[in-house]
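**Student:** model this:
(2 chains)
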Amino acid sequence: MNPTQTMDPAKTEVEQKYKVIGTRPIRHDGVDKVTGRAVYGADVQLPGMLHGKVLRSPHAHARVKSVNTEKAEALYGVKAVMTAADFPDAGSRTANLGELGEVPLKPMCDNVMASDKVVYHGHAVAAVAATSPHIAEEALKLIEVEYEVLPPVMDVLKAMEEDSPLLHDDLYTDELGEKSSKPSNVASHSRHVLGDINQGFAAADHILEREYRCATVHQGYIEPHAATAMWNPDGYLTMWVTTQGAFTVRTSVHQILEIPVSKLKVIPTEIGGGFGGKIPVYGEPVAAVLSRKARRPVKVVMDRTEVFQATGPTSGSYVKLKMGVTNEGRITAAETMLAYEAGGYPGSVVSLGGICMFAPYNVENLTIDMYDVVVNKPKTAAYRAPGAPNSEFAAECMIDEFCEILDMDPMEFRLKNGAKEGDIQCHGIPHPRIGCLETTEAARDCEHYQTPLEGPNRGRGVASGYWVNAGLTSSVTARLNGDGTVTLQEGSTDIGGTRTSIAMQLAEVLGIPVEDVVPSVADTDSVGYTEVTGGSRVTFATGWAAYNAGQSIRSQLIEQAAAIWKVDKDQVSLADGVIATTNGDSKSISIKELAADLSQKGIDIGSRETVTPQNHGGAYATHIVDVEVDPDTGKVTILRYTAVQDAGRAIHPSYVEGQMQGGVVQGIGWALNEEYYYNEDGHLMNSSFLDYRMPTSLDLPMIETIIVEVPNPGHPYGVRGVGEVPIVPPQAAVSNAIARAVGTRLGDLPMSPQRVVKALSAKS
Amino acid sequence: MAAKVHVTATINGEPVEFLCEPRQSLLEVLRDELKLTGSKEGCNNGNCGACSVILDGLLVDACIVLGAEIDGCTVETIEGLMGPEGLHPLQQTFLENAALQCGVCTPGFIMAGKALLEKKPQATEGDIRHWCAGNLCRCTGYDKIVRAIIDAEPQLEVKK
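**Tutor:** Predicted structure coming up:
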């Protein structure tokens, strides 16, 4: 086993500077989670609760001509049946989904339950609530749906063809800002232009032009979606939901069902993974309507097949890329066309793919064309650095090909072209302080890269990655208790230990142990508005809110102590949990003592904070992977993997490492195995964990991590989001390693054994 | 609906009796009838290991055992792991190694780790990776889980 390391030139200084930040305390919710006591979505049980099940379309593309629920309603134990007709008419209203922006409501409603058309295999058409899940399943079989089956459109390029069957008669391409006159499966075409592409190619000594494809892949969280609703006759609706954003669920349900936000409380349960896939609503409005109709609490839990068929996934994509470099290894131009599948309704993450694609490099001449295209697959959702892996895979593979042509070290190429502060990005905005070059230098200098790889059919691949990160709104409420501890209600749901990484930032301000901060995840009635847990933003933004809460409590304590001591508050300071005078009269009191005193006097010390930070800055990573290819079977074995990443400031290094390791392994699954298989009728053929092959412990070595810390000037502690960028480099790193191992370049994901064997036989 | 079956078993050291439908899985019985929701459903077809429990000393996926099958059997679930002296060494090393992120696969991994170390107290990294291949984790990349199980070995030896 190889150790994990933290590379920080200023570590000693940091160790002196911070008492809590940079340490590795045990998470506050840890005991609940190792004893089975933590309550996840499906664990919610209420008196009189019913079980809801959803009927799903057996067709990929069809008109729904009629739905007859009479027989299901008559089954013993069935308490309510619903269809899309039970939703209010969406009209032309819109809903705001935070990281995913403003989206029209009608497609969102239709995705939750189809009104007139089903647009993917597994699309919901009706639902039943019954006294047991088995009775609900039996009732689904009694619902009669008449379909007019239409030809499915399963491939992004075919969907773009002039004569392709149309998913939506009323979808007109937004063509560079203008609405086109003819309906199409292309929802939008947008473009970034920088410099002069023709001049750039004219200056190049080498030009490559290639195509790259990514299969549709799923987020693959282990906990299926689950929602429980209790809609009381007085109009108040309470929901227990496993979600990345309680407020986003509140907004979505409020808009779909037209229920006022004041009458809707969302209580987030523990969440068993999300990776972007638990931002949209699916069963939440369904559970609510069933509860209203049955006048009892209703729980809707998906099974694994439903999760694969009807939630997530991320976009399958086609990328065409042309790049030019000089003999000295300078990128002179890049021209690309990105076509991303949105699934059944518009709204892929192609624009993020465009922004990220060349961000690790300073490219002065570029053109990026981006197409958002509907196909008969589930409506795509965000997946960890949404959009970035698809496009950066292409760029990073081609750069490695240039390195081979030029006989240049991949790290040297990256350092020569690497992006730095002030360089203009594709959308015209200059980079802030970023850690791109420092990350690459650390990767170049690390023991793994400096150790030669030997043996037949083995190769080492390198790739870099960038992700934009997000700021967005976050809130916390903090209260000082009479014993000097602080209760901290956080608006962000906790998917990976953020209760603690947020609490650590408050503890640092007050100089108290993190164990003296008691964090909890609050419901939508109990804390200020908070955007989703996504965009690598929680430790950054919600942590900042906690920092502000700490500062406020600190000021209040100083004021109170100053009043007691009858000195000016400027003559009082707080450090290491002790308030003391600085005027030489040596008065001091611990936070615990002062808290007890204030509590007895009935003086409440606390703070509620909301922040919307703007300068989150982007995240950079460079990965190194050693693989061995079995030329007979095409199996690719990961021998060694090192991920290097700029974390700005690692608040809890174990959790930073964990994000890096988890992202890498999802990227390896994406690279080698994961793929939605559709047959010619558009039926999903591998909707189980057996057939949708995610990496197991046996497929992997330890994942080595090197944390680089280039403090982000846009955060009080220098934090940079870390969660998403580690999924970006692995796909290209593995492809580049295979190329170096066996001399064949694979541009289509996944690089499954059959694809590898095919490529090897084509080569020979 | 078929008549319910009367089942008597020992769960986490205590005698338990319950009625279940013949079609109900052990996982459904544990979660819905006995309110032991620590065992999780990730797939309901034996592919993810989130519902791993120990049945008469054997590691099984509770979702592919019928509730009616455990009559006369002994079942250990995550809820029974903590003793009077506190957390089980595996529970402690999972916390110390930050071996969980979302935590939903954790009960299954801890039960799998327990079954392995009972069989092979000095399991190597390779043994652990092989044994735990029936448990899926999507958050951690397995690195810290494997370390946590290795770290528990000396503590379990001392306990013996």
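
**Student:** count of neighbours near residue 47?
**Tutor:** Going with chain A. Applying other CB atoms under 10 Å in any protein chain shown, we find 6 residues neighbouring A:Pro47. Every C-beta, even on glycine, is put in place using the N, C-alpha and C of the backbone.

**Student:** my bad, chain B
**Tutor:** B:Asn47 has 20 neighbouring residues, counting by other CB under 10 Å.

**Student:** what sits up against the top helix by length along chain B?
**Tutor:** If you go by DSSP state H, chain B has its longest helix at helix B:143-159. With contacts defined as CB atoms under 8 Å, 6 or more residues apart in numbering or on different chains, helix B:143-159 is touched by A:1, A:654, A:657-658, A:661, A:697, A:700, A:702-703, B:89-90, B:92-94, B:96-100, B:109, B:113, B:116-117, B:121-123, B:125, B:128-129, B:132, B:137.

**Student:** just those residues: which are in helices?
**Tutor:** Taking DSSP H as the definition of helices, the contacts of helix B:143-159 contribute A:654, A:657-658, A:661, B:89-90, B:92-94, B:96, B:109, B:113, B:116-117, B:125, B:128-129.

**Student:** which of those are buried?
**Tutor:** The neighbour count (16 or more other CB atoms under 10 Å in any protein chain shown) marks A:654, A:657-658, A:661, B:89-90, B:92-94, B:96, B:109, B:113, B:116-117, B:128-129 as buried among these.

**Student:** wait, which of those is closest to A:Gln199?
**Tutor:** A:Gln661 (43.2 Å; CB to CB).

**Student:** residues contacting the closest one?
**Tutor:** A:Ala643, A:Ile703, A:Thr705, A:Pro726, B:Thr140, B:Gly141, B:Asp143, B:Lys144.

**Student:** so the third one makes contact with A:Tyr641?
**Tutor:** No: with contact defined as CB atoms under 8 Å, A:Thr705 does not count as touching A:Tyr641 (9.5 Å).

**Student:** show me what the strand or helix carrying A:Gln255 is in contact with.
**Tutor:** Per DSSP states H and E, A:Gln255 falls inside helix A:246-257. Residues from elsewhere that reach helix A:246-257 (CB under 8 Å, 6+ apart): A:87-88, A:90, A:93, A:95-98, A:105, A:108-109, A:112, A:237, A:239, A:241, A:243, A:259-261, A:264-268, A:279-281, A:284-285, A:288-289, A:491, A:493, A:523-524, A:529-532.

**Student:** I'd say A:Ala434 and A:Ala621 touch.
**Tutor:** If you look again at residue A:434, you'll see it is Ile, not Ala. No: between A:Ile434 and A:Ala621 there is no contact under CB under 8 Å: 11.8 Å.

**Student:** wait, isn't A:His431 in contact with A:Asp423?
**Tutor:** Yes: under the criterion of CB under 8 Å, A:His431 makes contact with A:Asp423 at 5.1 Å.

**Student:** from the stretch 201-350 of chain A, which residue is nearest to chain B?
**Tutor:** Relative to chain B, the nearest point of the stretch 201-350 of chain A is A:Gly272 (2.9 Å; CB to the nearest CB).

**Student:** chain A too?
**Tutor:** Among the residues of chain A, A:Gly36 lies closest to chain B, at 1.9 Å counting by CB to the nearest CB.

**Student:** can you pull the pLDDT of that residue?
**Tutor:** Per-residue pLDDT puts A:Gly36 at 98.

**Student:** and it, backbone torsions?
**Tutor:** The phi/psi pair for A:Gly36 (degrees, to the nearest 10) reads phi 80, psi 10.

**Student:** report the contact partners of it.
**Tutor:** By CB under 8 Å, 6+ apart, the contact list for A:Gly36 reads B:Leu36, B:Thr37, B:Gly38, B:Ser39, B:Thr77, B:Ile78, B:Glu79, B:Pro107.
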